[in-house]
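Trainee: Please find the sequence and the predicted model below.
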Amino acid sequence: QVQLEESGGGSVQPGGSLRLSCAASASQFRFYTMGWYRQAPGKQHELVASITINSAPEYADSVKGRFTISRDDAKTSVYLQMDSLKPEDTAVYYCHVNGVSTVHAEIGGDYWGEGTLVTVSS
């Protein structure tokens, strides 16, 4: 139904930047909320940022002012620009979308990517 392909993870020094991308491969779907979650070793899964179909963003307090989420509905993609990265941003980042088929309304729900590792270390 919906497959999510993430890219852009990697290693960076503190203060550096990375841009995560997530492309949803699905035909005839409408995606409502798109976003990113993360899970650091020994910590709970947490919301990093999300963006609604009206492009209203929401951010975790810990990333406000440093991360920017955006979406391109023509490409069914969501992006996360991460600036001023800190060691505590180290985690596996998961793309998440919530959507529904525009043909079969009973088909839909929450979909997750496999995750991409971001490591911030000197």
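Mentor: Noted; the coordinates are in hand.
Trainee: residue contacts, residue 8?
Mentor: Taking Cβ atoms under 8 Å, 6 or more residues apart in numbering, we find residue 8 in contact with 18, 19, 20, 21, 80, 116. The C-beta positions use only the backbone N, C-alpha and C, and glycine is treated the same way.
Trainee: 7 Å instead, please
Mentor: 18, 19, 20, 21, 116 (Cβ atoms under 7 Å, 6 or more residues apart in numbering).
Trainee: Can I get the buried part of these as one PyMOL selection?
Mentor: Applying 16 or more other Cβ atoms under 10 Å to these leaves a buried subset, and the PyMOL line that selects it is:
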select buried, resi 18+20+21+116
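Trainee: taking the contacts of residue 8 one by one, which sit in strands?
Mentor: By the criterion of DSSP state E, membership of the contacts of residue 8 in strands covers 18, 19, 20, 21, 116.
Trainee: check contacts around the third one.
Mentor: Taking Cβ under 7 Å, 6+ apart as the contact definition, residue 20 lies against 6, 8, 9, 36, 79, 80, 82, 93, 116.
Trainee: Alright, that wraps it up for me.
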